[in-house]
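Student: Model the structure of this input:
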Amino acid sequence: MPDGSPQITETWVDTDGKHIIVNTVQGFQKVRNVERDPRIALAIADRDDPSHYFAVRGRVVDMTEQGGVEHIEQLSQKYLGRPYPWFGGRDQVRIIVRIEAERITPR
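Tutor: Now for the predicted structure:
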């Protein structure tokens, strides 16, 4: 958060084979936080056994608007099995955040 305290948001994740990829919205707290400090922590649940997860610590290495809309549509198919419902409206600017994992711990 702006005062340095942790901020948490459930989010969909993807990978390009090298980076963990998150899709978010320009202006959201998550974007402001990683612009200020690129360190990030994620807990990624095992789809087959949600009681197991991977704790990931790393840093944001890239953020771009390019391909953001197409990527959220891909994630929606993965997680919902249908087109993205545009919860916040179609005027949102989608941001792809690439994260380089520095430590991954299975839990």
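
Student: where along this structure do the helices fall?
Tutor: For the chain, applying DSSP state H gives helices covering 29-36, 68-79.

Student: Report all helices and strands that the last one contacts.
Tutor: Here helix 68-79 is seen to pack against strand 13-15, strand 20-25, strand 94-106 when contacts are counted using 3 or more Cβ pairs under 8 Å, 6 or more residues apart in numbering; DSSP states H and E. In this view, the C-beta of every residue, glycine as well, is placed from N, C-alpha and C.

Student: so who does the residue sitting nearest the centre point of the chain touch?
Tutor: Geometric centre of the chain, nearest residue: residue 22, 2.4 Å, by Cα atoms, centre = their mean. Residue 22 makes contacts with 11, 12, 13, 14, 30, 42, 96, 97, 99, as judged by Cβ atoms under 8 Å, 6 or more residues apart in numbering.

Student: what's the pLDDT at the nearest residue to it once chain neighbours are set aside?
Tutor: Nearest non-adjacent residue to residue 22, counting by Cβ to Cβ, 6 or more residues apart in numbering: residue 97, 4.5 Å away. As predicted, residue 97 sits at a pLDDT of 97.

Student: wait, residue 97 sits on residue 63?
Tutor: Yes - taking contacts as Cβ atoms under 8 Å, residue 97 lies within contact range of residue 63: 5.2 Å.
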